[in-house]
Each structure stands twice: as structure tokens, then as C-alpha cells.
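Chemist: coords please:
(2 chains)
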Protein chains: 2
Amino acid sequence: MKLSKKIDACELSPIRKFYPFAEAARKRGITIHSLNIGQPDIQTPEVYFDAIAGYRESVLAYAPSPGIPSLIEAVRGYYARLGVDFDSGDILITTGGSEALLMAMLCILDEGSEVIVPEPFYPNYHTFIRAAGGRICPVHTRPEDGYRYATREQIEPLINENTRALLVTNPGNPTGTVLTEEELRLLADIAKEHDLYFICDEVYREFIYDGGHLTTAARFEDMAEQLILIDSVSKRFSACGARIGALLCRNKALIDAATKIAQARLSVATLDQIGAVALYGVEPSYFDATRQEYQHRRDVCYRKLREIPGVVTTEPKGAFYTMAKLPVDNAEDFQMFLLQEFEDHGETVMFAPGSGFYATEGAGVSEIRIAYVRCAEELERALDLLRLAIERYNKR
Amino acid sequence: MKLSKKIDACELSPIRKFYPFAEAARKRGITIHSLNIGQPDIQTPEVYFDAIAGYRESVLAYAPSPGIPSLIEAVRGYYARLGVDFDSGDILITTGGSEALLMAMLCILDEGSEVIVPEPFYPNYHTFIRAAGGRICPVHTRPEDGYRYATREQIEPLINENTRALLVTNPGNPTGTVLTEEELRLLADIAKEHDLYFICDEVYREFIYDGGHLTTAARFEDMAEQLILIDSVSKRFSACGARIGALLCRNKALIDAATKIAQARLSVATLDQIGAVALYGVEPSYFDATRQEYQHRRDVCYRKLREIPGVVTTEPKGAFYTMAKLPVDNAEDFQMFLLQEFEDHGETVMFAPGSGFYATEGAGVSEIRIAYVRCAEELERALDLLRLAIERYNKR
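Modeler: Model (predicted):
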């Protein structure tokens, strides 16, 4: 039986493929410090559970396709507090940021269309873009340059007649790179000049360190036609399992197009939307506490990485990830070594090997992504294990 | 800004497009008996809400991409009780049957691929198939023939080198037609002989009347390669707002392909899965009571329709829909008349005009779909209004 060419071009998650080897290690009694996936340990605000527990209707009905009005209003209000005006008709509630991404790609990509994406990038972009028949045209960046990409020289040569969009994650996953306002403006200008959609995935918006500030692309009022904003409650409120996201766009034709898909899939889960409304009511101090905790972890992570001889890394300014180039020949082999051969006092560590974050063949083979989603104490130990493992791996 | 050709080929829901006119009628004080959408009024089992209210974890984490193990096991157990064996690896939990359909289409359709679907069909198939780059090749059926389609003569001439799948809803939405075991076997044979996927959407499986019995395509053990089964808790447990469905398939390559999308979208909402596990624990008597209620409504609906002069309809044997050909020139115009001009004691009625259920241009213009999801008393009144409105419409 034939499968579609587009699904053949997709791959299983490069982050999840070490899972069976981790399971085998656990069965041998090994404790694994898992810094490979972006599942935060920060508590989900209890109001989420309270709101849902308090909801009793005799019939759990379909919600309206664009989302329940109170959640659309909550998202609109959240942006208003950031100084950005959206109309309620500009907002589609989606099943996670993931559905917003897939919807956007289905709306703008034909077979052979290209999306310019700085690499390393969130690997699932690959699947959403491929599944819509398109392909990623990567802006190659390097650890030695702090993974920066926002220059005209790097981006314009990649634009051709198949290019439909420029997609950035800001703050960046997996790099932690945060665009300056000038960089963001430059990217917006490039998108505008070349008639490209500018897709900004800002799901880590609240996680900016060192007193820094994120300029959201939604502030650029001249980008109404081009901007597609991807949003989610998953990281903002540590509510990954809620699967509530949003697609925001002031371009009515694009919203109408996405609404075709939204209507076909009928609605987003009703109770999770009720819970999400409550999440948008948490005090702003919630973000301050979370940000402080992540900044502390970021500091530990960066300090410990720099202590390892031969590591190339840049201090991440946002999100809760960092990339690092290790003094190893191949990070995938090294990860297998960590799961199958290495242990110290019954412990090992797990990262996401870097090559899965690149579209360019052979890029990122010595790099890893670290998600600093564990407490500082565990991070200290995990990075000591990393150092020790690198020594042993290179002495084999 | 350009949209994709595939999204341009999609349409807004033909069922939902009369919504603004209905709103306007309500503002004029008109009571509308809404038989246009398949939102049952049957109570959702309370165990759904209880299970969710009882779930408290400090972090609402991502669920595993294929679904939480207890829900996969519950679905497997439900099929085992039907006498059908699935391995847990054959089951992907999805965000409603809708996501299962979109996943299936993305996995099997390339640009220009065709899916054979008997018309009238569930209109959202159009969007899922178009969004994946394919198109529907309709098996045309007629009200005068009770909308039956399962003959070699009707289907085989439609198969060509672009055909990838045969998709049926059984029991049928919008027709209420139920395939006999012989008909289902014939369709399975045709799919097998021509190397086509056989996609069976059986989300209305429990709603079979007159003591009848549904043969699920999953019973055909020789169809492991071809069969893709679409399932959902929405109608089975009157839990439309839960958005919990499943894709079941014994073809490992297809499951692996769908898993690529499942991993990219990370997971299905955690709490709704917890609730769905509880739903699968309800007593089988739950289905008996619901079935009895729907059968009573079906009886009322069919009796009242036959009392209207000039109506062509067939007694539906399953699901909770029926199609009827009315003695009107155009059912869309008639629907607008119902919302804008007609009223009787301040009441009117809303159906889904038939043409949106057909792919063939001009087909179904005098037909309507009725969802008999209201109590018998309301159905009686709604169908009296229909009769009265037809008289007035044709006398204008």
C-alpha cells in the first residue's frame, strides 16, 4: 500500500527516538537525568484544575469552531496588556500551537513551496511543512556566531519564486537566541519587501532573562497582511497537556482560510478551553517567579557548560533551551554511549543530539540541545555527568 | 498574499453558513428548531466529569504521542467486546475523529490523488481530502434508490490510477444508510483487488435500529493492510466537546506514518483522555437506552416526513440523520425563506440544505439533511413547521 510522498519525507521525532534505549537503561536500574525534552517541572496554576472541576453541563457540546468567546476575549486581553490590539476575529483558538502551525502551513504551502527557517530549528516544523507539501530552506547558523541569523546577507539570497514564508521562533528553541527589535524589524521588512508571510512562533515570550524585553512582531502595525503569530498556553502556564494554542492574524483572507480547517475539525476541547480562560487570569507575578527560576537554571547551565573544556556555547537570553557544541565526533553516538555504556554512581544523562535540529545534511553532528527544565541541583549533577562522560567517551 | 491552491479549493462548512441569518432571526424574537447540526441532546455520562475533577497533578504534562496507555487499553477492550482484536500498537488516540481523518489523508494522498466517496457525504471529508491535496470522486446515489451505493457496477468504473482509497461512513451521515455485511464485504473486496485503502468511519456504530446489527469492517481479517478505521467518543457517549477519537489500523507502515504527525503535534489533551477512559467504563445498557430514544425519534421523523406531500425519503436504519428530497426548487433558497420570511406562532425550523453534501455540481439542490437530535415532541412540531413552510414557499 502506497503512502504519500509528503509523509515519506517526514521523519519520526529526533528527540523521541532514544526513548527505547532510555527505557532499557532504566530497566538496568540507571537513573537518567532527562534534559532532552521541553517538559517543564513548574507547577501548573491550580486555577486550571479548579475551573474545569467546577464545570458541569448535562451535555458536553462542541465549542464554536474559532474557540469559546471567553477564551478569545482572554487572549485578546492578554495582548492588550502587551500593548497590542487584536480584534476577536483575528484570533483562532487551536489544539496547541501545533495545530496553529499545521493550519498555517496547509493554508499557504503548495507542493514545492519553501519556508525559510533559521537552523537549528524546532524539529516538528519539518513535519508540519512537509505534511503540507513544502520544504524548509534553512538559514544556516553556527555555534561560533551564537546562532544569529537576522541579517539581509544571510536571508535574501535564499528567497526564490517558491518561497512563501519566513518562520522564526523568538525566543529561540533550541538556541535561546532572542532577536533584538532591530533584527525583528529587519526580518519583517524583508518579508514585506518580498511578499512573504512572516510566521512568528512566540510561545516562549515570557522567558526573557537579564531584565531583557521581547518585542513581539505583533507590534509592527504595517505587517497586518504578512504576520501569522503562533501562540500557546503550554509553556506560558506550564500547561503542556492542555493543548490550547492560538493562531493570530490580521489578514482576513488567511483567517478565513484557516477557518475552513477549523470548521472541518469542528472545535477545540471544551473543558481545556474553560481551564485556559482561568490561566489567563493568573497574576503577572506568576511570570516573574517562573522567569527568576529559569534564569537561575540558565545561569547554572551556562556556567557548568563553560567549565567543560572544548565546549562552544553562547549564553541563552530566552526560552529554556541552549545549544552547545561538544568536543565529541558525533553527538548521536555519544548519546547512545550515555545510555548504553556510561554510568556514574548509577546515573547518566540525556540530551537531544543536534543534527535533528538542522535541515542541512551533516550539520550539528557535534551539537546537543539542553532543555534546562530541571531544578538547579539536578542541572549541576547532570552537567558534571556530561563532563565526565565526554572524558570517558573520548578515551575509549 | 497568496494562499495555497489546496485551501482555495476548500470551502467553509455548508452546515454552518446559515448561522448569521439564524442569529438575525433570533434577534427578531423567532424561536428556531435547529435540526441542522449533529449535536445530540443526550446527557454525557457523569463519570467523564468525575474522572477529570478527580485528576490533580502538580504539572499538567504532555501525554504520550500515541495516547495515554489506559485509554489505548480501553479502546482495545471495547473492540475486544465486539469480537475484534487490535494490538495496542494499532491504535492512535486522536483529537476527535476529525484529526484521525486529516492524519489518514495526509498519509495517503498526494496532489491529484482521488478518494472514492459515496455522495451525499459528510461535508468535512471535502476539507480533509482537499487540504491533503486530493479530491473526492463521488459515487452518485439518489433519494429514489434509498441512497444505496455498494455495487460493483457503481464503484469500479470510478477507479483509476489516481485512486488511493474508498471512504465510507457506516452507518451513514447524512443518509442513515447501513451497509449489509454482504455490501461491506463487497466494498472490502473491491478495495483489496484494486490495492486501495478502505477507510471506514464508524463513529455512529452504536446507533442501529429495528434490532439490526452493524458489521464493523474490522472483523475482516484479510484487510489488515487496507483498513483504516476512524473512531470517536463524540457520538458514542454524547461527548462531542471532549475531542477524543482514534485511528485504528493493522498496517504498521501506515501507523508509523501517522505517528510522524502524532509526534509532531506532541499529544492529545491529557484531561480529556482521562475522562474518555471513564466513558469506556459505562455499562452497555447506556447504549440500549440511547438507541431506544433515537429509534423513537427516527420513527417520529420518518412518519412526519411521509405525511408531507411530494417528499421522497427512505427510513434511516442507523446514525441520527436522514436525507429527504422536498417538493421545493432549491433547498438553500427555502432555508433562507425559513429564516427570513416564514414563521408560525413565532417559530421556524432549520435544516442543512443538501447540495453541500454532494461533490457533483447541481446534485442535491432539492434535498435536506435532518439531524433528529431533539426530543420527539420538538421533532413533531419542527416537521409540522416544515410542511407548512413548504406550502407557503411554493405559493409565493
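Chemist: Can you name the residues that contact the residue nearest to residue A:105 when sequence neighbours are not counted?
Modeler: Counting by C-beta to C-beta, 6 or more residues apart in numbering or on different chains, residue A:132 is the residue found nearest to residue A:105 once chain neighbours are left out, at 3.8 Å. All C-beta spots, glycine's among them, are computed from the backbone N, C-alpha and C. Residues near residue A:132 by C-beta atoms under 8 Å, 6 or more residues apart in numbering or on different chains: A:6, A:102, A:105, A:106, A:108, A:109, A:113, B:4.
Chemist: State the mean pLDDT of stretch A:140-151.
Modeler: For stretch A:140-151, the mean per-residue pLDDT is 94.
Chemist: ok now it, how far from the chain's centre?
Modeler: Offset of stretch A:140-151 from its chain centre (C-alpha atoms, centre = their mean, to the nearest Å): 18 Å.
Chemist: Give me the distance between the two termini of it.
Modeler: Using C-alpha to C-alpha, to the nearest Å, the end-to-end distance of stretch A:140-151 comes to 12 Å.
Chemist: mind listing what's buried in it?
Modeler: A:141, A:143, A:146, A:147, A:148, A:149, A:150 (16 or more other C-beta atoms under 10 Å in any protein chain shown).
Chemist: quick one, what contacts the third one?
Modeler: Listed by C-beta under 8 Å, 6+ apart, the contact partners of residue A:146 are A:177, A:314.
Chemist: Run through the residues that contact the residue nearest to residue A:247 when sequence neighbours are not counted.
Modeler: Counting by C-beta to C-beta, 6+ apart, residue A:100 is the residue found nearest to residue A:247 once chain neighbours are left out, at 3.9 Å. Counting by C-beta under 8 Å, 6+ apart, residue A:100 touches A:92, A:94, A:230, A:231, A:232, A:245, A:246, A:247.
Chemist: Now compare those residues and name the two farthest from each other.
Modeler: Spanning the widest gap among the contacts of residue A:100 are A:92 and A:232, at 12.8 Å by C-beta to C-beta.
Chemist: the more surrounded of these two?
Modeler: More crowded of residue A:92 and residue A:232, by other C-beta atoms under 10 Å in any protein chain shown: residue A:232, with 27 against 24.
Chemist: for the residue found closest to that one once you drop the neighbours it is linked to in the chain, helix, strand, or coil?
Modeler: The shortest distance from residue A:232 to any non-neighbouring residue, by C-beta to C-beta, 6+ apart, is to residue A:97 (3.6 Å). Here residue A:97 is recorded as helix under DSSP: H, G, I helix; E, B strand; the rest coil.
Chemist: Quickly note the distance from residue A:97 to residue A:113.
Modeler: 21 Å (C-beta to C-beta, to the nearest Å).
Chemist: do the same with residue A:267
Modeler: Distance, residue A:267 to residue A:113, using C-beta to C-beta: 29 Å.
Chemist: Between the two, which is the more surrounded one?
Modeler: Each of residue A:267 and residue A:113 has its neighbours counted (other C-beta under 10 Å); residue A:267 has more, 24 against 20.
Chemist: so that one touches residue B:272, yeah?
Modeler: No - Residue A:267 sits out of contact with residue B:272 when judged by C-beta atoms under 8 Å, with a separation of 12.0 Å.
Chemist: burial measure for residue A:347, as a count.
Modeler: Per other C-beta under 10 Å, the neighbour tally for residue A:347 reads 15.
Chemist: give me every residue that touches it.
Modeler: A:30, A:31, A:32, A:33, A:381, A:385.
Chemist: Kindly state the beta-bridge partners for the fourth one.
Modeler: So that's residue A:33. residue A:349 (DSSP bridges).
Chemist: Residues of the stretch 151-300 of chain A that sit close to chain B?
Modeler: Taking C-beta under 8 Å from any C-beta of the partner chain as the contact definition, the stretch 151-300 of chain A meets chain B at A:164, A:195, A:197, A:225-226, A:238-243, A:251, A:253-254, A:256-257, A:259-261, A:263-272, A:275.
Chemist: Can you flag which of these belong to strands?
Modeler: Taking DSSP state E, the ones among those that sit in strands are A:164, A:197.
Chemist: Mind giving me the ChimeraX select for the residues of the stretch 151-300 of chain A next to chain B, buried ones only?
Modeler: The ChimeraX command for the buried members of those (criterion: 16+ other C-beta under 10 Å) is given here:
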select /A:164,197,225,226,238,239,240,241,242,243,251,254,257,259,260,261,263,264,265,266,267,268,269,270,271,272,275
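Chemist: Not counting sequence-adjacent ones, nearest residue to residue A:70?
Modeler: Distance criterion C-beta to C-beta, 6+ apart; nearest residue to residue A:70, sequence neighbours excluded, is residue A:277 at 5.0 Å.
Chemist: The one you found touches residue A:71, doesn't it?
Modeler: Yes - between residue A:277 and residue A:71 a contact is recorded at 5.0 Å, counting by C-beta under 8 Å.
Chemist: okay, the two: which has more neighbours?
Modeler: Comparing residue A:277 with residue A:71 by other C-beta under 10 Å, the one with more neighbours is residue A:71, at 26 against 20.
Chemist: So the more buried one sits against residue A:93, correct?
Modeler: Yes - Residue A:71 lies in contact with residue A:93 (C-beta under 8 Å); the separation is 5.6 Å.
Chemist: anything in contact with each of those two?
Modeler: Counting by C-beta under 8 Å, 6+ apart, the common neighbours of residue A:71 and residue A:93 are A:244, A:273.
Chemist: all strands for the stretch 251-396 of chain A, in order.
Modeler: Listed in chain order, the strands found in the stretch 251-396 of chain A under DSSP state E, counting those that start in this stretch are A:312-313, A:321-325, A:347-350, A:352-353, A:367-371.
Chemist: Now for the buried residues of stretch A:140-151: which two are most distant?
Modeler: Pairwise distances across those (C-beta to C-beta) peak at 16.6 Å, for the pair A:143 and A:150.
Chemist: What mean pLDDT does whichever strand or helix holds residue A:71 get?
Modeler: Here residue A:71, judged by DSSP states H and E, is contained in helix A:69-81. Per-region confidence: helix A:69-81 scores 97 on mean pLDDT.
Chemist: Contacts for that helix, please.
Modeler: With C-beta under 8 Å, 6+ apart as the contact definition, helix A:69-81 has outside contacts at A:66, A:85-88, A:91, A:93, A:218, A:231, A:244, A:246, A:248, A:273, A:276-277, A:280-281.
Chemist: can you pull the buried residues of that helix?
Modeler: A:71, A:72, A:74, A:75, A:76, A:78, A:79.
Chemist: separation between the residue of chain A most remote from its centre and chain B?
Modeler: Distance to the chain centre peaks in chain A at residue A:58, reaching 37.3 Å (criterion: C-alpha atoms, centre = their mean). Separation of residue A:58 from chain B (C-beta to the nearest C-beta, to the nearest Å): 5 Å.
Chemist: Confirm that that residue sits in a helix.
Modeler: No - according to three-state DSSP, residue A:58 belongs to no helix; its state is coil.
Chemist: these two touch, right, it and residue B:43?
Modeler: Yes - at 4.8 Å, residue A:58 and residue B:43 qualify as touching, with contact defined as C-beta under 8 Å.
Chemist: For the residue in the stretch 1-150 of chain A that chain B sits nearest to, which non-adjacent residue is spatially closest?
Modeler: Relative to chain B, the nearest point of the stretch 1-150 of chain A is residue A:127 (3.5 Å; C-beta to the nearest C-beta). In this structure, residue A:127 finds its nearest non-sequential neighbour in residue B:264, 3.5 Å apart by C-beta to C-beta, 6+ apart.
Chemist: Determine the set of other helices and strands touching the top helix by length along chain A.
Modeler: Secondary structure of chain A per DSSP state H: the longest helix is helix A:285-306. Under the contact criterion of 3 or more C-beta pairs under 8 Å, 6 or more residues apart in numbering or on different chains; DSSP states H and E, helix A:285-306 touches strand A:312-313, strand A:321-325, helix A:376-395.
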